[in-house]
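>>> Okay, sequence plus prediction incoming.
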Amino acid sequence: MKPFMPFLISSLIIGLLLCTGCSVPTAPITPTPTSTTAPPTTTTAPITTVPTTIGVPSLTPGPTVTVPAGFDTSIGIYQDDPIRTINIRYNGGKSQILLQRIDVRVITSTGTIIRSVTNEEGQIPVGYTFSIKGTSGVNRVEVTVTINAVSYKVVDTTVVFR
């Protein structure tokens, strides 16, 4: 019994030292609200149509900005001629983790402005697609991305339907 006593006392002291580190009170953790539904890989964003009352906006594309190195973002513009649909697709890029928002603005040949915006909660998945109904003639498409709270107009082009 005597050779077992030092081992028992040292084990008890070590156990008490380990327990004291765990007994420090911590601030209560409040759960953060999370979305219960995950966005599908290919989704369609809600579309808002804003009729213009002050003149007709220009259908001529303007300048775009190149995002800084390391923040590359790939946006594809595809048109579906038979049904006059403009598909704007986010193809990913190095900025995917930092990308907060994508704003799409389409000016149709009739002067109607159609806006569509991604939600700002969570990461925007690769393959996120905006499908916007165009009109016959020239349609101007502008895409602005927000990365680290800075907005960059990365696409300003025209799509023509016959």
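Alright, I've got the coordinates.
>>> what about the helices in the protein?
Using DSSP state H, the helices of the chain run over 4-22.
>>> Give the residue spans of it that score low on pLDDT.
Residue ranges of the chain with pLDDT under 70: 1-2, 16-56, 119-122.
>>> give the contact list for N148.
Taking C-beta atoms under 8 Å, 6 or more residues apart in numbering as the criterion, N148 is in contact with 71, 98, 100. Where you see a C-beta, it was placed from the backbone N, CA and C, and this is true even at glycine.
>>> nearest to Y90, of these?
Q100 (12.4 Å; C-beta to C-beta).
>>> Run a quick neighbour tally on that closest one.
By the criterion of other C-beta atoms under 10 Å, Q100 has 18 neighbours.
>>> Which neighbouring residues are in contact with it, exactly?
Counting by C-beta under 8 Å, 6+ apart, Q100 has contacts 120, 146-149.
>>> circling back: how about the contacts of N148 in CSV, adding distance to T112?
Output for those, formatted as CSV (distance: C-beta to C-beta, whole Å):
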residue, distance to T112
F71, 32
L98, 33
Q100, 27
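>>> which residue is nearest the centroid of the chain?
I124 (3.2 Å; C-alpha atoms, centre = their mean).
>>> roughly how far apart are it and D80?
Distance, I124 to D80, by C-beta to C-beta, to the nearest Å: 22 Å.
>>> surely the residue nearest to the centre of the chain meets Y90?
Yes: the pair I124 / Y90 is scored as a contact, 6.0 Å apart, by C-beta atoms under 8 Å.
>>> So for these two, which residues contact both of them?
Common neighbours of I124 and Y90 (criterion: C-beta under 8 Å, 6+ apart): I102.
>>> which residues in this protein form strands?
Remark: strands assigned in the chain by DSSP state E are 47-50, 74-80, 85-92, 99-107, 113-117, 129-133, 137-147, 150-161.
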